[in-house]
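Colleague: Okay, predicted coordinates and the sequence, questions at the end:
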Amino acid sequence: MKRSRFYAGILTVVFLVTGLAWAGALFDTPSDSLANRPTGPLLTYAVNRDDMAVSVIEQGVLESAANHEVKCQVRGQNTVIWVVENGTEVKVGDPLVRLDTLEIEDTINERTKFAYFSRSAAETSSAAVERAKLAIDAYEQGQFVMDLVTLEKQKAVLESNLRVAENQLQFTLRKEDRGFTTARNLEQVRFALAQLKTDLEIKNKEIDDLKNYTRPIELKKLEGDLKAAESTHAANLERAGLDENRRDLAKAEYELCEIVAEKSGMAIYPSAAEWKETPDVAEGATVHKDQILLLIPDLTKMQVKVGIHESIIERVKPGMKAIVEIAEQTYLGKIKTVASVAKPAGWWTGNVVKYDTIVELPNVVTLNPGMSAEVTVILAEYEDVLNIPVSAVLETPESAYCWVVANGTPTRRTVTLGDNNDVFIHVTEGLAIDEVVVLNPQSSIKEAQDLALTLRAAQEALLDETESLPEKPAKSSK
């Protein structure tokens, strides 16, 4: 509707301009002044009221608003050896991508070997821990008891010998009193008794040392051996667990090297970067973990991504109407989101800065992602407003002017302007309906030509002054 109204307005302007030009040629109306005297045929337009829409047209790409992303789950860099063709209809379980498994197979073999080595070491250290525990029990309930019994037995023998020696001494003393023994024999008996007492004291000291020093020292040593064995075993267990986890992870990633469809639909490649000629996913391409390899879009929820130029992005708001033309079909959509950050500009975009804008479409099942679309964003709509062609206006920094034809003579008039759509411009003050204005006054009115020349000269002077600014600091620095 909007486009047909636009074309109808253009045809109206052409017919009016042509008719008024012929009418102007039939009458020779003298001008009020030399400045307003026409220098050629006047093309005119009769001011009227009409509806006016302000829009911007951009090219976009059709895509799904709800994509199921197929990602690479294998760590590191991987090589694609096969990928399903773009646009293939797939079912759940169908293969989508196959990755090279040679490196993963080597990793599985290597990790399996290390897992066996680590598990062997863990089993060996586990036996060492049990031996260390048994060693403590063996000493405390075996060796220590035997040593203590041996010393106690030796002590009992010494105590018995000591009692015999004491009795022997008493007997010898009685014999000496009667003169039946010698002093030397008595001395020998006394020496033997003293020797036994000394031996008994030494044996008691050995028993005390065994209980108070030897036993605690040996237990500390054995307990230290146990803790060392337990620490070694824990380290071996940890190493064995890590090696087994690495092996199991490699086996799991081996299974992930063949990616299958988790839902039915059309498998498509993600959009390639604008500066590239081919998509990232292809046989022989290198991909990385979490990279999006394929998309399975929901074709019942479609949208158009379009780039809006930075000069008008401030006027584009969510909720605005947008007319979308795809494959000779027209759909009425609306702005869903507007990016707050512009896409990177470069030589591939002609250094043009644009903002990604999403246009939401009604449910249409006949469209496929990747189709090109022409999007007309309706920035504003005005009903029954006074408007004239943009070519009838000469704008200067001070004001805007148009030339109104009255009695065959064009007269300059100051006008106040509103919005425009590059063809018509809304006039808020300065003109009335049915007044006739000159189209492109710079080509037929001397006053407009002089004003345009003055404006151009001022612009060139400003440009020259701007270009000379960098030279001034250099001169002053001398």
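Modeller: Looks like it came in fine. Numbers count the residues shown, from 1 in each chain.
Colleague: Thr214: what's it in contact with?
Modeller: Applying CB atoms under 8 Å, 6 or more residues apart in numbering to Thr214 gives the contacts Asp147. Where you see a C-beta, it was placed from the backbone N, CA and C, and this is true even at glycine.
Colleague: do the same with Thr107
Modeller: Arg246, Ala250.
Colleague: roughly how far apart are it and Leu386?
Modeller: For Thr107, the distance to Leu386 (CB to CB, to the nearest Å) stands at 77 Å.
Colleague: what pairs with Glu429 across the strands?
Modeller: Thr416 (DSSP bridges).
Colleague: where exactly do the strands run in the stretch 351-478 of the chain?
Modeller: For the stretch 351-478 of the chain, applying DSSP state E, counting those that start in this stretch gives strands covering 354-360, 372-389, 394-395, 400-406, 409-420, 424-429, 436-439.
Colleague: Determine the set of other helices and strands touching the longest one.
Modeller: Counting contacts by 3 or more CB pairs under 8 Å, 6 or more residues apart in numbering; DSSP states H and E, strand 372-389 is packed against helix 2-26, strand 48-64, strand 302-309, strand 321-326, strand 354-360, strand 409-420, strand 424-429.
Colleague: and it, what's its mean pLDDT?
Modeller: Regarding strand 372-389, the rounded mean pLDDT is 93.
Colleague: quick one: strands adjacent to that strand?
Modeller: Partner strands and pairing direction for strand 372-389 (DSSP bridges) are strand 48-64 (antiparallel), strand 321-326 (antiparallel), strand 424-429 (antiparallel).
Colleague: Centre of the chain to it, how far?
Modeller: Remark: strand 372-389 is offset 38 Å from the chain centroid, using CA atoms, centre = their mean, to the nearest Å.
Colleague: Ok, stretch 187-206 next?
Modeller: 91 Å.
Colleague: who are the neighbours in contact with Gln73?
Modeller: Applying CB under 8 Å, 6+ apart to Gln73 gives the contacts Glu253, Leu256, Ile259, Lys289, Asp290.
Colleague: Buried members of these into ChimeraX, please.
Modeller: The ChimeraX selection below is limited to those of the contacts of Gln73 classed as buried (16 or more other CB atoms under 10 Å):
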select :253,259
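Colleague: In strands, which of the contacts of Gln73 fall?
Modeller: Those of these mapping onto strands are Ile259, per DSSP state E.
Colleague: Kindly reformat the contacts of Gln73 as JSON lines containing distance to Asn421.
Modeller: As requested, the contacts of Gln73 are exported to JSON lines (distance: CB to CB, whole Å):
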{"residue": "Glu253", "distance to Asn421": "58"}
{"residue": "Leu256", "distance to Asn421": "55"}
{"residue": "Ile259", "distance to Asn421": "50"}
{"residue": "Lys289", "distance to Asn421": "50"}
{"residue": "Asp290", "distance to Asn421": "46"}
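Colleague: how about the contacts of Gln73 in TSV, adding pLDDT?
Modeller: Below are these laid out as TSV (pLDDT from 0 to 100):
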residue	pLDDT
Glu253	93
Leu256	94
Ile259	95
Lys289	93
Asp290	93
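Colleague: Many thanks, have a good one.
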